[in-house]
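K.L.:
3D, please:
(chains A, B, C, D, E and F)
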Protein chains: 6
Amino acid sequence: MKRLLITGAAGALGRVMRERLAPMATILRLSDIAPIGAARKNEEIVQCDLADAKAVHALVEDCDGIVHLGGVSVERKFSQIVAGNIVGLYNLYEAARAHRMPRIVFASSNHTIGFYPQTERLSVDHPYRPDGLYGVSKCFGESLAQMYHEKFGQETALVRIGSCVAEPVNHRMLSTWFSYDDFVSLIEAVFRAPKLGCPVIWGASNNDAGWWDNSAAGFLGWKPKDNAEIFRSKIEAACERPGPDDSAARWQGGLFTQDPIFPEDE
Amino acid sequence: MKRLLITGAAGALGRVMRERLAPMATILRLSDIAPIGAARKNEEIVQCDLADAKAVHALVEDCDGIVHLGGVSVERKFSQIVAGNIVGLYNLYEAARAHRMPRIVFASSNHTIGFYPQTERLSVDHPYRPDGLYGVSKCFGESLAQMYHEKFGQETALVRIGSCVAEPVNHRMLSTWFSYDDFVSLIEAVFRAPKLGCPVIWGASNNDAGWWDNSAAGFLGWKPKDNAEIFRSKIEAACERPGPDDSAARWQGGLFTQDPIFPEDE
Amino acid sequence: MKRLLITGAAGALGRVMRERLAPMATILRLSDIAPIGAARKNEEIVQCDLADAKAVHALVEDCDGIVHLGGVSVERKFSQIVAGNIVGLYNLYEAARAHRMPRIVFASSNHTIGFYPQTERLSVDHPYRPDGLYGVSKCFGESLAQMYHEKFGQETALVRIGSCVAEPVNHRMLSTWFSYDDFVSLIEAVFRAPKLGCPVIWGASNNDAGWWDNSAAGFLGWKPKDNAEIFRSKIEAACERPGPDDSAARWQGGLFTQDPIFPEDE
Amino acid sequence: MKRLLITGAAGALGRVMRERLAPMATILRLSDIAPIGAARKNEEIVQCDLADAKAVHALVEDCDGIVHLGGVSVERKFSQIVAGNIVGLYNLYEAARAHRMPRIVFASSNHTIGFYPQTERLSVDHPYRPDGLYGVSKCFGESLAQMYHEKFGQETALVRIGSCVAEPVNHRMLSTWFSYDDFVSLIEAVFRAPKLGCPVIWGASNNDAGWWDNSAAGFLGWKPKDNAEIFRSKIEAACERPGPDDSAARWQGGLFTQDPIFPEDE
Amino acid sequence: MKRLLITGAAGALGRVMRERLAPMATILRLSDIAPIGAARKNEEIVQCDLADAKAVHALVEDCDGIVHLGGVSVERKFSQIVAGNIVGLYNLYEAARAHRMPRIVFASSNHTIGFYPQTERLSVDHPYRPDGLYGVSKCFGESLAQMYHEKFGQETALVRIGSCVAEPVNHRMLSTWFSYDDFVSLIEAVFRAPKLGCPVIWGASNNDAGWWDNSAAGFLGWKPKDNAEIFRSKIEAACERPGPDDSAARWQGGLFTQDPIFPEDE
Amino acid sequence: MKRLLITGAAGALGRVMRERLAPMATILRLSDIAPIGAARKNEEIVQCDLADAKAVHALVEDCDGIVHLGGVSVERKFSQIVAGNIVGLYNLYEAARAHRMPRIVFASSNHTIGFYPQTERLSVDHPYRPDGLYGVSKCFGESLAQMYHEKFGQETALVRIGSCVAEPVNHRMLSTWFSYDDFVSLIEAVFRAPKLGCPVIWGASNNDAGWWDNSAAGFLGWKPKDNAEIFRSKIEAACERPGPDDSAARWQGGLFTQDPIFPEDE
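P.N.:
Next up is the predicted model:
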């Protein structure tokens, strides 16, 4: 690939991917609404508000692939979510449509289905049960991508990220952990596949305690290799085990199910 | 019911419901962004932009039920859809949450699933396949309502309206027609049910040629009575039959699947 | 049919069936643990405790069909349930096995699935969710009958009775009502079918507000004809509508879900 | 329709359809391997062996629709089945492909699924369970039609005929009867539909005792109106009821499940 | 865990678990109707008939977890099954309800589904098909536990044990074997899980020839490690292969499907 | 096994199996319509046209197992397919029925389902979607075998072979590859199983990029061990990656979906 765009490149996950995806393309174009710092060799830095349609068109031009980590990634007041995850996503897809429809890896979220109990195993076809406004905005994003696929042929991997962190740090992450290595190998598989379509993919490692059946993504030839189970004793030692009626143990979305709606005027 | 709010009351369907729902409540509160005309006896008229949060809070206060027909109901440029169907819907649900959570009938749409072929029968659990930005905004609306239900207890009937017109006027409407009588009887059933939850309901009459399995809504005790089939010979006489590869015959969303994305600057 | 046995013939439903089923057989043999009164013409009266194996063998001998309404039909202390619905049922099936395996109509119950929400539509294959010890004993009965079918060829109709009363008298019964006429026509269909097997059948009329999909029993050629809906306005006038969080509106088993476990020493 | 071809027109069902379908087209072209008799007004008679590719090409030319009743319709020795139902069907589809692909109503059969028990309800997606070589040849026919649909766009209605006779004459036909009226109205619906595709349709009337869920064909707007149940008492009076272990009561294919393989040299 | 109760501790499996579960709790309380022998250090021995309600209440008091292996574990006369598996189970659950509802591992059985063919793969939601009175009593037990979960919040792991023996000794056990190690690791997972609920879990090792899909229990983070396949050549050498029509090869319940009903007076 | 018949033994796969299956039987009987060469020790060579019923009866006599690789294995003119795959298969099953019904491994094909997209995961119960006449003939073969199983008890393994070659040589084969080792171990499992029935088995190795869920065949205790993924970089280096709209990337049947119908007179 010649030029790969990473949005949200100043965020925690973006900074990791900036390192890890560098070998996949001749040029990494890195974008965020926040400052990213100086460009390294083979990098292009573009500070850009996703809500600015023109800026996004310029951002996407000449890219051969997009890893879209940008926008809001936790519960926020709704105006922020609209700007980043709704208008921003529309801008991204319109820009992609105008510029040869490069494949997109879309960072969707387990919070699209956060109100399923942890005792239930999910396929990719279970109806949405979002756990907050953020989760609702990710349902919107999946629907938008699906529509651009059916109507225009745009291909997207809808990656419902669990907990993409260096290592799991609480009981729930024994089920939701998504190692950096596994995310990177997934992105490679997405960009190398002859045909992608617009599949939902569970962004989780091969965790013994996982909740999500990823067999529908098998056609990509991607197999997550890591397993949160190796961190169990460390977590048991470090964290109090939640009770069976705690949100942290009850719902797949965990504590997000308890977040309030953040008022606009705060 | 003491006070029933109808949003979108100046629109085609809103004007019909203004007449038909009057017997259901002591007071009809009617709202639209466009002028509605003078209040009749037992009516309150409120001109209101759904994108205006404060106005929507005032609108919803003291209402005992809401029939939400407002917002954009066809493909439009995205900024309009965001204002009416995304920010507007959020405002409505926040207002409802602040004011004793009256039950809501939400006018969702068959365009949430418009890219299914007409030869396929759908249950309420089939994944979304929206056919345009409008359809995507209705997917968003259903997800938002579902989240307010699971998180806060707000009850909503998600009515995926087919073609709610006086009578069917083309071949596709033999499958999608939703008579005014059947919509009215559904609204009555929704407000009289001891328990509503947040069900998806296909807004269609009992059409011989229907595509949608409404058995999941059976618990409401609502049965549509009308049948578009009685208009078949009239339609055959008046309309040219579409070919098997025409969008009008191929997709459940019909010609909406061909709508372009409307640019912002037009 | 020459001789039809009705157990539980002194109970409310048994007394009705004594009248209604008389035309189906030359002789009705009527049994109960309580006194039944004098035999009419073409009747045989047998007072019998189902927990008495020898008495049950004598009871079943020479019968050509059995309508088993006997045993406990509401929540009771467990020792009573064991005697009537567990040991009693075993005795009945052993007696049937010893005496040419006459077909059995087994009065099972909606309380085998009472903890499903009223907003959910059920097929006959949904797993059990009993709402009390009585419901558990009916799950036991269905399993026992199924085993006698697979192991020995005994045929049984497992009729999960909703509310078999003269007319529905509360909101829940708009969904669960089973008219006497419909129960009688079902019993006729069971005994006339060339092949019965051991099907689960929802014992409910053709109620608009019904929760249960009876299509799996279609092969019997039985169609319930009555519809509780005609009693809706009478019920709305007579009963307060339950709130959405009341057990009466929430669970298919209604108020049985609130019954305590009755202690043995009361 | 200008010209409608009926194959198998000299057979029992063909003779009925010759009468009943005449109003559907300006010209009926009638074909059979056996003599059909003289052409009436608006008829063309073509004696034709389906195994003769050239003759079949000539037969199909200029037709606007095909009702394919030809070939073998009961268990026969395999060479006859190959000639009529396998080579003959291939010839018909090749001829249709060469001549503008007129829509085809293909007389498939319940014997494609004859080894399902009568106590089981079937959708159109249940896997095949044919009950003899004839049934296997109809499975072949459905697969061939499906392939011509996906590969070339040929549309076919795969009508799995139950028992298409003047009235039901045994217990099994209470479930399988397909009235002439209902078959005619289905054929009308097939030819008037804007989009047909290649659906499996159960060729059965609206029998109370039916086994087959026809909802997948609902998009055609066709509803069978007749009901074998009205003949039940006549059948009960005229026929001995089969025992529960008789093939006539056990399998959907009835006595066909007992047919032997007919040897070639008889 | 402070005190773990093992019932059925004098049985074959109980004796193994007495050894293996000792590290899981400060005190093992061991119970059986038969003599168990002397208490070792950190053990409490309670001889107890499960049919004795008062004794069971005393047994359960102060326990923090229960591994319930007690009751009848093969086909027996029904009075024994009632005492041990029906009244005994009720007593156990009532005692648990009275004493802070410690988690229960319930030894259910593959004989709840013994009449499924060995060629069929089962999920936990397949309907029961018990193969004898013992199997029926385990269906009862699962229903009872489910009811206590929904009604009172009691958590239970319903472990449908296959063949929990030191090593597999016939062809059927290549599919059903449950190694001691795997059972122990399952029990550990059950007691450490933040949330258990009331799941059905297939009590089988990771056998290549297994019949049961255990993915629904994945949330526990338990993975069986052993595989009966390593014993295949030993079994092939030692046992005659059963024929395809033998119960040992035909039914998942194997030879239990052939057990008679044991009469009471033997 | 005393005598194992391999049909199609002169073909590419047949020649491999001649080597690999030799240890499974005392005598290999090898058959083909083409010359096979001289018999080795412990071999019997029979040149035989499958369309010749008498010859096939002689061929099958005294065999204890059959690996049926014979007939046409790619798209051909229909008369050839009829001779080899339809009449030939009937002859084989009639011969087997006459001669103690030895188990059959039937080489079915992925081209029975070739028109499913590569992005869809299939179970063995997905309806057929054949991609040509060859694929249709394999659907026929599966139906025929199923009928002989249900009607006469003949057992067959319906192995839908993907790409059984020495190693994968294009992108599609990363999903479809079936190593010789895995095919051999499957054949061993089929002949050693106490009960076979008539299962569909996906003939594919344990490929990371596989499309087919083989869990229904788990009861055989067979686990494919090879994985095409190890050849990915070699394939990426040697082959151009197909575009997302190429048949090679779009359909499970790959380029077969583009084959024409071959005319008879070529």
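K.L.:
and the strands in chain A?
P.N.:
Remark: strands of chain A, listed N- to C-terminal, are A:3-7, A:27-32, A:43-47, A:65-68, A:103-109, A:156-161, A:200-203; assignment by DSSP state E.
K.L.:
chain B: which of these is closest?
P.N.:
strand A:200-203 (8.7 Å; C-beta to the nearest C-beta). Using the backbone N, CA and C atoms, a C-beta is placed for each residue, glycine as well.
K.L.:
who are the packing partners of that closest one?
P.N.:
Other helices and strands packing on strand A:200-203, by 3 or more C-beta pairs under 8 Å, 6 or more residues apart in numbering or on different chains; DSSP states H and E, are strand A:103-109, strand A:156-161, helix A:180-192.
K.L.:
quick check: residues of chain A near chain F?
P.N.:
When proximity is defined as C-beta under 8 Å from any C-beta of the partner chain, chain A approaches chain F at A:155, A:192, A:194-197, A:199, A:215-216, A:218-223.
K.L.:
for burial, what's the neighbour tally of the residue in the stretch 101-250 of chain A that chain F sits nearest to?
P.N.:
With C-beta to the nearest C-beta, the shortest gap between the stretch 101-250 of chain A and chain F falls at residue A:221, namely 3.2 Å. Applying other C-beta atoms under 10 Å in any protein chain shown, we find 20 other residues in the vicinity of residue A:221.
K.L.:
list the contacts of it.
P.N.:
Residues in contact with residue A:221, defined by C-beta atoms under 8 Å, 6 or more residues apart in numbering or on different chains, are A:189, A:193, F:174, F:175, F:207, F:208, F:209, F:229, F:232.
K.L.:
got the phi/psi numbers for it?
P.N.:
When quoted as degrees, to the nearest 10, the phi and psi of residue A:221 stand at phi 70, psi 20.
K.L.:
how many residues are close by the residue in the stretch 1-150 of chain A that chain D sits nearest to?
P.N.:
Nearest to chain D, among the residues of the stretch 1-150 of chain A, is residue A:125, at 16.1 Å (C-beta to the nearest C-beta). Residue neighbour count, defined by other C-beta under 10 Å, stands at 11 for residue A:125.
K.L.:
ok, it touching residue B:127?
P.N.:
Yes. Using C-beta atoms under 8 Å as the test, residue A:125 is close enough to residue B:127 to be in contact (5.7 Å).
K.L.:
hang on, the earlier thing: with mean pLDDT and mean neighbour count as new columns, can the helices and strands packed on strand A:200-203 be given to me in JSON lines?
P.N.:
Formatted as JSON lines, the entries for the helices and strands packed on strand A:200-203 read as follows, by pLDDT from 0 to 100; neighbours: other C-beta atoms under 10 Å in any protein chain shown:
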{"stretch": "strand A:103-109", "mean pLDDT": "98", "mean neighbour count": "25"}
{"stretch": "strand A:156-161", "mean pLDDT": "98", "mean neighbour count": "25"}
{"stretch": "helix A:180-192", "mean pLDDT": "98", "mean neighbour count": "19"}
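K.L.:
turn those into a markdown table, columns for distance to residue D:203.
P.N.:
Written out in a markdown table, the entries for the helices and strands packed on strand A:200-203 read as follows (distance: least, C-beta to C-beta, whole Å):
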| stretch | distance to residue D:203 |
| --- | --- |
| strand A:103-109 | 45 |
| strand A:156-161 | 42 |
| helix A:180-192 | 46 |
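K.L.:
in CSV, list those along with distance to chain E.
P.N.:
Conversion of the helices and strands packed on strand A:200-203 to CSV gives the following (distance: least, C-beta to the nearest C-beta, whole Å):
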stretch, distance to chain E
strand A:103-109, 19
strand A:156-161, 17
helix A:180-192, 17
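K.L.:
so which of the ones you listed gets nearest chain D?
P.N.:
strand A:156-161 (26.1 Å).
K.L.:
what pairs with the closest one, and is each one parallel or antiparallel?
P.N.:
Strand A:156-161 has its sheet partners listed here by DSSP bridges as strand A:103-109 (parallel), strand A:200-203 (parallel).
K.L.:
now render those strands as CSV, adding distance to residue D:64.
P.N.:
Compiled in CSV, those are given as follows (distance: least, C-beta to C-beta, whole Å):
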stretch, distance to residue D:64
strand A:103-109, 46
strand A:200-203, 44
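K.L.:
so what's the residue count around residue A:95?
P.N.:
By other C-beta under 10 Å, 23 other residues sit near residue A:95.
K.L.:
distance check, it against chain C.
P.N.:
For residue A:95, the distance to chain C equals 42 Å [C-beta to the nearest C-beta, to the nearest Å].
K.L.:
need the contact list for that residue.
P.N.:
Contacts here follow C-beta under 8 Å, 6+ apart; on that basis residue A:95 touches A:53, A:56, A:57, A:59, A:60, A:61.
K.L.:
burial of the closest residue to it other than its chain neighbours, as a residue count?
P.N.:
Spatially, and ignoring its direct neighbours in sequence, residue A:95 is nearest to residue A:60 (3.7 Å; C-beta to C-beta, 6 or more residues apart in numbering or on different chains). Residues near residue A:60, counting by other C-beta under 10 Å, number 27.
K.L.:
residue A:60 is in contact with residue A:92, isn't it?
P.N.:
Yes. Taking contacts as C-beta under 8 Å, residue A:60 lies within contact range of residue A:92: 6.8 Å.
K.L.:
identify the contacts common to the two.
P.N.:
Counting by C-beta under 8 Å, 6+ apart, the common neighbours of residue A:60 and residue A:92 are residue A:66.
K.L.:
list the contacts of the residue most central in space within chain A.
P.N.:
The residue at the geometric middle of chain A, judged as the C-alpha nearest the mean C-alpha position with C-alpha atoms, centre = their mean, is residue A:107 (2.0 Å). Residue A:107 sits next to A:8, A:13, A:67, A:68, A:69, A:73, A:159, A:161, A:203 when contact means C-beta under 8 Å, 6+ apart.
K.L.:
which residues touch stretch A:85-94?
P.N.:
Everything outside stretch A:85-94 that qualifies as a contact, by C-beta under 8 Å, 6+ apart, is A:7, A:49-53, A:56-57, A:60, A:66, A:68, A:70-72, A:104, A:134, A:137-138, A:140-141, A:144-145, A:148, A:154, B:78, B:82, B:86, B:133, B:140, B:261.
K.L.:
ok, now stretch A:234-248?
P.N.:
Stretch A:234-248 is touched from outside by A:168-174, A:249-250, A:254-255, A:257-258, E:155, E:192, E:194-196, with contacts defined as C-beta under 8 Å, 6+ apart.
K.L.:
if you set the cut-off to 7 Å instead, what comes out?
P.N.:
Identification of contacts with stretch A:234-248 by C-beta atoms under 7 Å, 6 or more residues apart in numbering or on different chains yields A:168-172, A:174, A:249, A:254-255, A:257-258, E:155, E:194-196.
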